[in-house]
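Novice: I would like the atomic coordinates for the input below:
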Amino acid sequence: MKTSIRKLLGRQLLDSRGRPTVEVDAWLEGGAFGRASVPSGASTGAAEAHELRDGDASRYGGLGVLKAVANVNGEIATALRGSDALDQRRIDDLLVALDGTPQLSRLGANATLGVSLAVCRAAAQACDQQLYQRVGELCAIGTPVMPLPMMNVLSGGLHAGRGMDVQDFLAIPLRAGSFAEALHLLARVRTAASEVAHSRGLPTLLADEGGLSPGFESGRVALRMLMQCIERAGLTPGKDIGIAIDVAASTLKGKDGRYVFAREGVERTSAELIEMLEGWSENFPVISIEDGLDEEDWSGWAQLTRTLGQKVQLIGDDLFATNATRLARGIQDQVANGVLVKANQNGTLSGTLDVIALGRDAAYATVVSARSGETEDAFMSDIAVGSAAGQIKIGSLRTSSTVAKYNQLLRIEEHSRAAYAGTSSLRGWNGR
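Specialist: Numbers count the residues shown, from 1 in each chain. Predicted structure coming up:
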């Protein structure tokens, strides 16, 4: 079996928002082939790996990725030619060393991740493995696990032109015995959301991740509508469906350190924001909160964790940025109890899997997540199952780039017969 890398080819194509992104093809000497494309975020943390853009205003408003593509086809292809694709760790270490910067800013994390994922997919084909099986082997996980999904229903923040202050309100299935059953429950809620919006004369235009953007003046109003959507679907809030919130608080942080809720016309301190989130969790079946405070508000996060960490799953996204060093600090300081995992925040597959392992070892929830700018590449679904992460956050059931991930999970469940993680993967929430 010849598994050395023969050729890498990068190209520029478009993501779900019509913005350029990187796709990479990888060929091995034995004929195996792998292809991967890289997502892009809107709400991004300062500690994320660097997404290299061209900055040429005359082409895609400066968002082109031809420089990253050139790095794949030139420097990276030359350095990796002849390397064994089965040695994923060595491939990824070479990519990091070749770049030579802390956040992969020279070659671009969009270039390195595209190569890393494409090589892994080619290696899986060479070994006649399903991709989730290849990921499981890299993680030394013997038994794959189908993840508990959370689905975007209502959107605001940077995902919806600031129509609401808080970024996302999501649904989590609480009573399902399989991934397929969980997906059906979410589909019922999402369909009901469109029906409720239509009946109330609210906008039914889609946000970046396929959720509705009703433009409510406060999060409490959005929570009340989500409750109505769950009930419209013939389900019981808190029993059949729980609620997750992505505050994306870093995007609300003002120059004076207060959190600016422009739609409400109020500003809140860290303590006041914690009080608001505590109130929401007491009055609604909120079981998971993501980025409840700013990415550098470590003392506030510690207080949030002391206040809600035994009742609610508290996920760090911008806070941890799929960065092992930041996650290690959070574990040491007892900050949050879950980590959102986005491969493009890290820049390599091995680095991403390291963060999942670190979170698991610390009993943190590990939630594999999509970005607001996605492609039809469903690699993240295989990462979630193969690494036994336990949870996945994809987006809504309305765009091909997100539905592709759900469909891949249905295929994997059929092929693997893997057990479904269900609510056992949640942290903090105890079924109250």
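
Novice: from now on I want contacts and neighbour counts done on CA atoms only, so please keep to that.
Specialist: Will do.

Novice: beta partners of the residue nearest in space to the middle of the chain?
Specialist: Nearest to the mean C-alpha position of the chain, counting by C-alpha atoms, centre = their mean, stands residue 369 at 1.7 Å. On the basis of DSSP bridges, residue 369 is bridged to residue 393.

Novice: ok, now how distant is it from residue 74?
Specialist: Going from residue 369 to residue 74 by C-alpha to C-alpha, to the nearest Å gives 30 Å.

Novice: ok, residue 339 next?
Specialist: 35 Å.

Novice: got it, and residue 393?
Specialist: Counting by C-alpha to C-alpha, the gap from residue 393 to residue 74 is 34 Å.

Novice: follow-up on the earlier one: neighbour-wise, which of residue 339 and residue 74 wins?
Specialist: When residue 339 and residue 74 are compared for neighbours, residue 339 comes out ahead with 32 against 14, by other C-alpha atoms under 10 Å.

Novice: so what secondary structure elements neighbour the one helix or strand residue 181 maps to?
Specialist: Taking DSSP states H and E as the definition, one finds residue 181 inside helix 179-199. Other elements packing on helix 179-199 under the criterion 3 or more C-alpha pairs under 8 Å, 6 or more residues apart in numbering; DSSP states H and E are strand 148-155, strand 168-173, helix 219-232, helix 400-416.

Novice: try 6 Å this time
Specialist: helix 219-232 (3 or more C-alpha pairs under 6 Å, 6 or more residues apart in numbering; DSSP states H and E).

Novice: and the next helix or strand along the chain from the helix it packs on with helix 219-232, angle?
Specialist: Downstream of helix 219-232, the next assigned helix or strand under DSSP H and E is strand 241-246. Angle of strand 241-246 versus helix 219-232, following axes from the mean of the first three to the mean of the last three C-alpha atoms, to 10 degrees, is 150 degrees.

Novice: please enumerate the strands of the stretch 301-432 of the chain.
Specialist: Secondary structure of the stretch 301-432 of the chain, counting by DSSP state E, counting those that start in this stretch: strands at 313-316, 338-341, 365-369, 390-393, 419-420.

Novice: report pLDDT for residue 326.
Specialist: Residue 326 carries a pLDDT score of 98 in this model.

Novice: just give me the neighbour total for the nearest residue to it once chain neighbours are set aside.
Specialist: Leaving aside its sequence neighbours, residue 326 sits nearest to residue 320 (C-alpha to C-alpha, 6 or more residues apart in numbering; 5.2 Å). Residue 320: 28 surrounding residues under other C-alpha under 10 Å.

Novice: before we move on, what about residue 224?
Specialist: Neighbours of residue 224 (other C-alpha under 10 Å): 12.

Novice: and it, how far from residue 287?
Specialist: 15 Å.

Novice: in the stretch 301-432 of the chain, where is pLDDT below threshold?
Specialist: 432 (pLDDT under 70).

Novice: one more pass at 90, please.
Specialist: 371-373, 395, 398-399, 429-432 (pLDDT under 90).

Novice: same check on the stretch 1-150 of the chain?
Specialist: 1, 40-47.

Novice: go again using 70 as the cut-off
Specialist: 42-43.

Novice: what's in contact with stretch 114-128?
Specialist: 24, 26, 32-38, 85-86, 131, 134, 348 (C-alpha atoms under 6 Å, 6 or more residues apart in numbering).

Novice: just stretch 405-417 next, same as before
Specialist: 378, 381.

Novice: list the buried residues for it?
Specialist: Judged by neighbour count (16 or more other C-alpha atoms under 10 Å), stretch 405-417 contains these buried residues: 405, 406, 407, 408, 409, 410, 412, 413, 416.

Novice: mind putting these into CSV with distance to residue 314?
Specialist: What follows is the buried residues of stretch 405-417, written out as CSV (distance: C-alpha to C-alpha, whole Å):
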residue, distance to residue 314
405, 24
406, 24
407, 28
408, 27
409, 25
410, 27
412, 28
413, 28
416, 30
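
Novice: closest to residue 220 among those residues?
Specialist: residue 406 (29.0 Å; C-alpha to C-alpha).

Novice: measure that closest one to residue 174 for me?
Specialist: For residue 406, the distance to residue 174 - C-alpha to C-alpha - is 17 Å.

Novice: again with residue 45
Specialist: 30 Å.

Novice: and what of residue 25?
Specialist: Distance from residue 25 to residue 174, by C-alpha to C-alpha: 39 Å.
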